[in-house]
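Student: Take a look and give me a structure for this.
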Amino acid sequence: MDYLTHNEIKYVQQHLEENIQLLKTLTEIPSPTFHEKKRATFCLNWLQSIGANAYMDNVNNVICPINGENNETLIIIMAHNDIAFPDIQNIQVKQVDNKLFAPGIGDDTANMVNMLMTIQYIIKMRLQPKYQILFVINSGEEGLGNSMGCRQIIEKYHSKIKEFISLDGYLNECTYCAVGSKRYQIDVKTHGGHSYVNFGQENAIAWIAKIITQLNQISLPTEAKTTFNFGKIEGGSAINVIANHASVTYEFRSSSQQCLNIMEQSFQKIINNINDKHIDIQIKVLGERPGNGPLSQEKMRKFTSRNLNIIQHFYKKNIILCENSTDSNIPLSYGICANTIGTIIGGDAHTYHEWIDINSIPIGFQVAMALILQYVDWELRI
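Tutor: Next comes the predicted model:
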């Protein structure tokens, strides 16, 4: 089965250098989580320059609707704009042999560029999809961004969405299952004092240790893989001072929303059972991503199988079906069929020496085109 027409393959070949140049330009525009506006503005101007009816919303999502035969049903195609590093000021793309190096170049800039170049083709050819497609360059995917941009789109349109694809990650991965999470910071404050003179008074570090011990003893639910972690401990001021403040970050994860709910109940029970007038406990939610909701497994199987066939037509190596925490978490929690699919080969994501393989760009470009153009009738494309 052919997934691209002769003209579509020709477009990829003729616009490969444009793809690479756009990738370099966008990668060198800093776009940390919560500070995506500069790059978002570039994307908005670029889309408008090719004739797209694009706009930016209040959380710096760039949204580009393409009207379809049925505008009451939506397909969401998304790629996130933010990168994992908050401190990037001057980014330079460097090439060594067949690799391009720069933080954020693969996660998620290269995937976003493949989406942009496909939008350009749709507009140029005046293609009308079966359903309205909302292309979204979304904000706040990384870290404590908590899928902010995606969440706003899904909450607004969830009743109309038929299917969702997030272009993110590498060509050999397809995420079909959401790993949800809840992240907390637990702060304990006490009066403190001198380690000898005031010995016996409440110590915030000791209390954090007690809380960690109790959380560590929670019986994990078994319906799906469920994990927890203590990521960072802070507190105290000196060896001879009874600590008057200490904190710990704590998270739990699962692919099952029910398991997440059980972990939440156990967590709250432990915190609520602490009753000591000499300490003050404050709980702060750092982030929350939902797990899988009431999803039709048969629909999800067919949807994922269809997308896998498209990827494997162009990428001949093995593809791993993954459980991950991605933007797909949000639609999956609503019971919407969603995959997160990569269109590039690379490595060292979330590091300063992240890289992508230039030779994989034309393959991923074709994958992105085929994944998106599956929503346009073949007869309109030839």
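Student: hmm, who's touching the helix or strand containing Thr175?
Tutor: Assigned by DSSP states H and E, Thr175 belongs to strand 173-178. For strand 173-178, the external contacting residues (C-beta atoms under 8 Å, 6 or more residues apart in numbering) are 166, 169, 255, 289-292, 300, 304, 307-308, 311, 319-326, 328-329, 332-333, 339-342. Where you see a C-beta, it was placed from the backbone N, CA and C, and this is true even at glycine.
Student: Now with 6 Å, please.
Tutor: Outside strand 173-178, the residues that touch it by C-beta atoms under 6 Å, 6 or more residues apart in numbering are 255, 291-292, 304, 319-324, 326, 328-329, 332, 339-342.
Student: just stretch 312-320 next, same as before
Tutor: Residues contacting stretch 312-320 (C-beta under 6 Å, 6+ apart): Tyr3, Leu171, Asn172, Glu173, Cys174, Ile311, Ile363, Gln366, Val367.
Student: If I look at the spatially closest residue to Ile382 that is not a sequence neighbour, what pLDDT would I see?
Tutor: Using C-beta to C-beta, 6 or more residues apart in numbering and skipping residues adjacent in sequence, the residue nearest Ile382 is Thr5, 5.2 Å away. Here, the pLDDT recorded for Thr5 equals 97.
Student: Just to check, Thr5 is in contact with Trp378?
Tutor: No - in this structure, Thr5 is not within contact of Trp378 by C-beta atoms under 6 Å, at 7.9 Å.
Student: Which of these two has more residues huddled nearby?
Tutor: Shown here are Thr5 and Trp378; by other C-beta atoms under 10 Å, Thr5 has more neighbours (14 against 11).
Student: pull the longest helix from the chain.
Tutor: With secondary structure taken from DSSP state H, the chain has its longest helix at helix 297-314.
Student: mind listing what's buried in it?
Tutor: Residues of helix 297-314 classed as buried: Met300, Phe303, Thr304, Asn307, Leu308, Ile310, Ile311, Phe314 (neighbour count, 16 or more other C-beta atoms under 10 Å).
Student: can you list the residues you listed in TSV and add pLDDT and distance to Met148?
Tutor: Below are the buried residues of helix 297-314 laid out as TSV (pLDDT from 0 to 100; distance: C-beta to C-beta, whole Å):
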residue	pLDDT	distance to Met148
Met300	97	25
Phe303	98	25
Thr304	98	26
Asn307	98	25
Leu308	98	29
Ile310	98	29
Ile311	98	28
Phe314	97	32
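Student: hey, where'd the helices end up in the stretch 1-150 of the chain?
Tutor: Using DSSP state H, counting those that start in this stretch, the helices assigned to the stretch 1-150 of the chain run over residues 6-14, 16-27, 37-49, 111-125, 148-157.
Student: and the closest residue to Gly347 other than its chain neighbours, what is it in contact with?
Tutor: Leaving aside its sequence neighbours, Gly347 sits nearest to Trp355 (C-beta to C-beta, 6+ apart; 5.9 Å). Contacts of Trp355 were listed using C-beta under 6 Å, 6+ apart, and they are Lys99, Phe101, Gly346, Gly347.
Student: before we move on, what about Ile154?
Tutor: Applying C-beta under 6 Å, 6+ apart, we find Ile154 in contact with Ile330, Pro331.
Student: Distance check, it against Thr33.
Tutor: Ile154 is 18 Å from Thr33, where distance means C-beta to C-beta, to the nearest Å.
Student: now swap in Met112 and tell me
Tutor: On the measure of C-beta to C-beta, Met112 and Thr33 end up 15 Å apart.
Student: what about Ile281, which helix or strand?
Tutor: Secondary-structure assignment from DSSP H and E places Ile281 in strand 280-289.
Student: Quick one: distance of that strand to the chain centre.
Tutor: On the basis of C-alpha atoms, centre = their mean, to the nearest Å, strand 280-289 sits 21 Å off its chain's mean C-alpha point.
Student: Then stretch 372-382?
Tutor: Chain-centre distance of stretch 372-382: 28 Å, with C-alpha atoms, centre = their mean.
Student: buried set for that stretch?
Tutor: Quick answer for stretch 372-382 (16+ other C-beta under 10 Å): Ile372, Leu373, Gln374, Tyr375, Val376.
Student: could those residues be laid out in a markdown table, adding secondary structure and pLDDT?
Tutor: Listed next are the buried residues of stretch 372-382 as a markdown table, based on DSSP: H, G, I helix; E, B strand; the rest coil; pLDDT from 0 to 100:
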| residue | secondary structure | pLDDT |
| --- | --- | --- |
| Ile372 | helix | 98 |
| Leu373 | helix | 98 |
| Gln374 | coil | 98 |
| Tyr375 | coil | 98 |
| Val376 | coil | 98 |
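Student: residue boundaries of the helices in the stretch 151-300 of the chain?
Tutor: Using DSSP H, counting those that start in this stretch, the helices of the stretch 151-300 of the chain run over 204-216, 257-272, 297-314.
Student: Just want the angle from the strand holding Thr175 to helix 257-272.
Tutor: 60 degrees (axes from the mean of the first three to the mean of the last three C-alpha atoms, to 10 degrees).
Student: and strand 173-178, which strands flank it?
Tutor: When sheet partners are counted by DSSP bridges, strand 173-178 sits next to strand 320-324 (parallel), strand 337-341 (antiparallel).
Student: rank those by mean pLDDT and give me the bottom one.
Tutor: The minimum mean pLDDT among the strands paired with strand 173-178 belongs to strand 320-324 (a mean of 94).
Student: On the C-terminal side of that one, identify the next helix or strand.
Tutor: Scanning forward in sequence from strand 320-324 by DSSP H and E, the next helix or strand is helix 329-333.
Student: What helices and strands are in contact with that next one?
Tutor: When contacts are defined as 3 or more C-beta pairs under 6 Å, 6 or more residues apart in numbering; DSSP states H and E, helix 329-333 packs onto helix 148-157.
Student: With adjacent residues omitted, what lies nearest to Ile119?
Tutor: Phe135 (5.6 Å).
Student: Most remote residue from the middle of this structure, which is it?
Tutor: Using C-alpha atoms, centre = their mean, the residue of the chain lying farthest from its centre is Val197. It sits 51.4 Å away.
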